[in-house]
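K.L.:
Output the structure for:
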Amino acid sequence: MAQSIDRRQRYRDEVARSRVVAHRLRVAAAVTVAVSAVIGGYAVWSLVAGSEDPAVAVELLLAVGLAGVVSGIAFFATSWGVALSASRLEVQVDPLDD
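P.N.:
Modelled structure (predicted):
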């Protein structure tokens, strides 16, 4: 019985840590998308203003800006996967009273 309670508490702690990790992943996603948007905006601005070589501006836009946005979206999707897994574990540890 005591071992079962210890295991349940360990799983509850794991759920709590997973929720913290999911939140940190969402913050990382927001930062990644914001930085990539700034870089992409600079690339477009430098292309329109003619201050950069068009090949360099397009390369910057595609390589850094677009790749960063895709990475941010992947972070965001991963955060929801972690949160959903934590919710599933929480329901298994403490079943809902229906």
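K.L.:
contacts and neighbour counts: CA atoms only from here.
P.N.:
OK.
K.L.:
Tell me the buried residues in stretch 58-77?
P.N.:
58, 60-61, 64-69, 71-73, 75-77 (16 or more other C-alpha atoms under 10 Å).
K.L.:
low pLDDT regions in this structure?
P.N.:
1-3, 96-98 (pLDDT under 70).
K.L.:
all helices for it, in order.
P.N.:
All helices of the chain, identified by DSSP state H, fall at 2-49, 54-60, 67-93.
K.L.:
So which residues make contact with the shortest one?
P.N.:
Contacts to helix 54-60, defined as C-alpha atoms under 8 Å, 6 or more residues apart in numbering, come from residues 39-40, 43-44, 46-47.
K.L.:
Could the C-alpha coordinates of that helix be exported in CSV?
P.N.:
The C-alpha trace of helix 54-60 is given here as CSV (Å, rounded to 0.1, in the frame of the first residue of the first chain):
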residue,chain,number,x,y,z
PRO,A,54,19.0,40.2,-53.5
ALA,A,55,20.6,36.8,-53.3
VAL,A,56,21.8,37.4,-49.7
ALA,A,57,18.5,38.8,-48.7
VAL,A,58,16.5,35.9,-50.1
GLU,A,59,19.0,33.5,-48.5
LEU,A,60,18.6,35.2,-45.2
